[in-house]
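Enquirer: how does the following fold in three dimensions:
(one chain, ligands or ions: 1)
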Amino acid sequence: MQTQDYQTLDRQHHLHPFTDFKSLGEEGSRIITHADGVYIYDSQGSRILDGMAGLWCVNLGYGRQELVDAATEQMQQLPYYNNFFKTTHPPAVKLAAKLSELAPEHINHVFFTGSGSEANDTVLRMIRRYWAIKGKPEKQWVISRENGYHGSTVAGMSLGGMAPMHDQGGPCVPGITHICQPYWFGEGRDMSQESFGKQCAQALEEQILALGEDKVAAFIAEPVQGAGGAIIPPDSYWPAVKEVLAKYDILLIADEVICGFGRLGEWFGSTHYGLKPDLMPIAKGLSSGYLPIGAVLVGDRVADTLIEDGGEFFHGFTYSGHPVCAAVALKNLELLESERVVEKVRDELGPYLAKRWQELAEHPLVGEARSLGLIGALEIVADKSTGERFDKSLSAGNLCRDLCFESGLVMRSVGDTMVISPPLTITCDEIDELVSKARLALDKTA
Ligand code: PLP
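Expert: Numbers count the residues shown, from 1 in each chain. Below is the predicted model:
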């Protein structure tokens, strides 16, 4: 089939996620046909540097034969069996053990899901179950953050703080409330980063007191907000949040779906910030996106209670711990480990990106350039001195994103915030290419 045939069928039959259906227009979709390393290729033969690792997930890069082999072997051996009741299979057991080894010391159990959204649905059910077993069923409230992203299922979007999703999704799951996000450039520039970080943590305490400390089950947050715009919190934020949670005995859920598996230069974002979460939903980089798999890493406090006193937990998915997905995830972790990918992000690639990325801060359109490990953002502004944005109707971010694509680079726009999250296997030369293509797109946007 030719490109146009695909585009026609696509328009006729395919409802894309998070897409204005009419926007496909005459031009149609770009058909991505294959990929290798950090590059994707379209049906017209264009080679494009994938600055987003797919959707923040292809941590190991494209074209890894070892992952293909792991999937093939497992498909031949046992393509499917479930983990319900008293059965399981080697890939699920080995992956649970490996994840427990990699996770912080107090985490030794894993509940498998098919995606990050399912992991967050699981989290919600698990914490409410935990407090019920503890004899405190009134501890129901979950505090989350505006503009946080925790998935697209009803529970995921309710936990998330994306207003447009709430507006379209019908009533959200009750018992979830949202406080401010630690987005200094967007919401706190009238004070120092340090004061703003503390103020956001104080908002958490105020919300706990307003709801009643004995009514709050948990606080959920991404260590660095990804889909909201690669929002790296001020250094003062997490230490202050930790203190508040300890003071009121509230569970911490660190959503590691993006930050996990090396993105910030540690196996988990929580490690970077010295957090001790009770639960960590994971997905994406767990299999480098080669097959869909997610999980909740469950800390001892919750796991012991569920195991000792919980009886049957009426929850699970047909594909919880799918053998082929688990085998691929296991191989992916082995490769991340043996190739020292996470350490390289921390010691070489993250610092190199930070240095090159900061050069873009001098561009007339950039109000702030920030990065941590291999996640980064540029704030596009109309006036550098005041940080004033362009008129919304101009969609400067979308324009810049499209210009990037034209010049062979995938960057994502979140409003007028341009985001990158490339494969962790990117080289310094490829980082140079990414930065120069981003600069070119900014020049054209101006
Ligand atoms: N949590 C976070 C932090 C995410 O970024 C995402 C997806 O982008 C999810 C959860 C949902 O994961 P999935 O799309 O696999 O359901």
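
Enquirer: tally of neighbours for the residue of the chain found nearest the ligand?
Expert: Closest to the ligand within the chain is Gly116: 2.3 Å, counting by C-beta to the nearest ligand atom. For the C-beta atoms, the positions are set from N, CA and C on the backbone; glycine is no exception. Using other C-beta atoms under 10 Å, the number of residues around Gly116 comes to 30.

Enquirer: backbone phi and psi for it, please?
Expert: Dihedral pair for Gly116: phi -70, psi -40, per degrees, to the nearest 10.

Enquirer: tell me who's in contact with it.
Expert: His150, Gly151, Gly156, Asp255, Val257, Pro281, Ile282, Ala283, Lys284, Gly294 (C-beta atoms under 8 Å, 6 or more residues apart in numbering).

Enquirer: restricted to buried residues, select the residues you listed in ChimeraX.
Expert: Only the buried entries of the contacts of Gly116 go into this ChimeraX selection, using 16 or more other C-beta atoms under 10 Å:
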select :150,151,156,255,257,281,282,283,284,294
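
Enquirer: and the contacts of Gly116 as TSV, adding secondary structure and distance to the ligand?
Expert: As requested, those are exported to TSV (DSSP: H, G, I helix; E, B strand; the rest coil; distance: C-beta to the nearest ligand atom, whole Å):
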residue	secondary structure	distance to the ligand
His150	coil	5
Gly151	coil	4
Gly156	helix	6
Asp255	coil	4
Val257	coil	3
Pro281	strand	6
Ile282	strand	9
Ala283	coil	4
Lys284	helix	6
Gly294	strand	6
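
Enquirer: can you show me the strands along the stretch 51-200 of the chain?
Expert: All strands of the stretch 51-200 of the chain, identified by DSSP state E, counting those that start in this stretch, fall at 107-113, 141-145, 176-179.

Enquirer: could you export the last one as CSV, CA atoms only?
Expert: I take that to be strand 176-179. Provided in CSV are the C-alpha atoms of strand 176-179 (Å, rounded to 0.1, in the frame of the first residue of the first chain):
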residue,chain,number,x,y,z
ILE,A,176,-9.9,12.9,45.0
THR,A,177,-8.8,16.5,45.3
HIS,A,178,-6.1,18.5,43.7
ILE,A,179,-3.7,21.1,45.0
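
Enquirer: now what about that strand, what contacts it?
Expert: Here strand 176-179 has contacts from 141-146, 148, 158-159, 161, 200, 203-204, 207, 211, using C-beta under 8 Å, 6+ apart.

Enquirer: same thing with the longest one?
Expert: Here strand 107-113 makes contact (C-beta under 8 Å, 6+ apart) with 83, 92, 95-96, 99-100, 119, 121-122, 126, 277, 280, 283, 293-300, 303, 307, 317, 320-322, 326.

Enquirer: now do stretch 121-129
Expert: With C-beta under 8 Å, 6+ apart, stretch 121-129 has contacts from 111, 113, 137, 140, 142, 151, 153, 155-156, 159, 173, 217-218, 220, 251, 253, 278-279, 281, 296, 298, 302, 306, 310, 313, 315.

Enquirer: which among those residues end up buried?
Expert: 111, 113, 140, 142, 151, 153, 155-156, 159, 173, 217-218, 220, 251, 253, 278-279, 281, 296, 298, 302, 306, 310.

Enquirer: sort out for me which of the residues you listed are in helices.
Expert: Ala155, Gly156, Leu159, Val302, Leu306 (DSSP state H).

Enquirer: export the residues you listed to TSV and tack on pLDDT?
Expert: Below are these laid out as TSV (pLDDT from 0 to 100):
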residue	pLDDT
Ala155	97
Gly156	97
Leu159	98
Val302	98
Leu306	97
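
Enquirer: for those residues, name the two members farthest from one another.
Expert: Using C-beta to C-beta, the pair of those lying farthest apart is Gly156 and Leu306, separated by 21.2 Å.

Enquirer: could you list the contact residues of this structure toward the ligand?
Expert: 115-117, 120, 149-151, 222, 226-227, 255, 257-258, 283, 294 (C-beta under 6 Å from any ligand atom).

Enquirer: out of these, who's nearest Gly37?
Expert: Looking across those and measuring by C-beta to C-beta, the closest to Gly37 is Ile258, at 21.0 Å.

Enquirer: contacts only, for the closest residue to that closest one other than its chain neighbours.
Expert: Distances taken as C-beta to C-beta, 6 or more residues apart in numbering put Gly226 closest to Ile258, at 3.7 Å, once the chain neighbours are dropped. By C-beta under 8 Å, 6+ apart, the residues touching Gly226 are Trp56, Tyr149, Val257, Ile258, Cys259, Ile375, Val419, Ser421.

Enquirer: circling back to that earlier point, now, of the contacts of strand 176-179, which are buried?
Expert: 141-146, 148, 158-159, 161, 200, 203-204, 207.

Enquirer: ok so, going back, can you redo the strands of the stretch 51-200 of the chain as CSV with mean pLDDT?
Expert: Shown next, in CSV, are these (pLDDT from 0 to 100):
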stretch, mean pLDDT
strand 107-113, 98
strand 141-145, 98
strand 176-179, 98
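
Enquirer: turn those into TSV, columns for distance to Lys384.
Expert: Shown next, in TSV, are the strands of the stretch 51-200 of the chain (distance: least, C-beta to C-beta, whole Å):
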stretch	distance to Lys384
strand 107-113	44
strand 141-145	28
strand 176-179	30
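
Enquirer: tell me the centre residue of the chain?
Expert: The centre of the chain sits closest to Ile258, judged by C-alpha atoms, centre = their mean, with a distance of 2.6 Å.

Enquirer: which pLDDT value goes with that residue?
Expert: Reported pLDDT at Ile258 in the predicted model: 98.

Enquirer: wait, is Leu49 part of a strand?
Expert: Yes - according to DSSP: H, G, I helix; E, B strand; the rest coil, the state of Leu49 is that of a strand.

Enquirer: that one - how many residues pack around it?
Expert: Neighbours around Leu49, by other C-beta under 10 Å: 25.

Enquirer: you'd agree it is up against Tyr41?
Expert: No - in this structure Leu49 lies outside contact range of Tyr41 using C-beta atoms under 8 Å: 11.1 Å.
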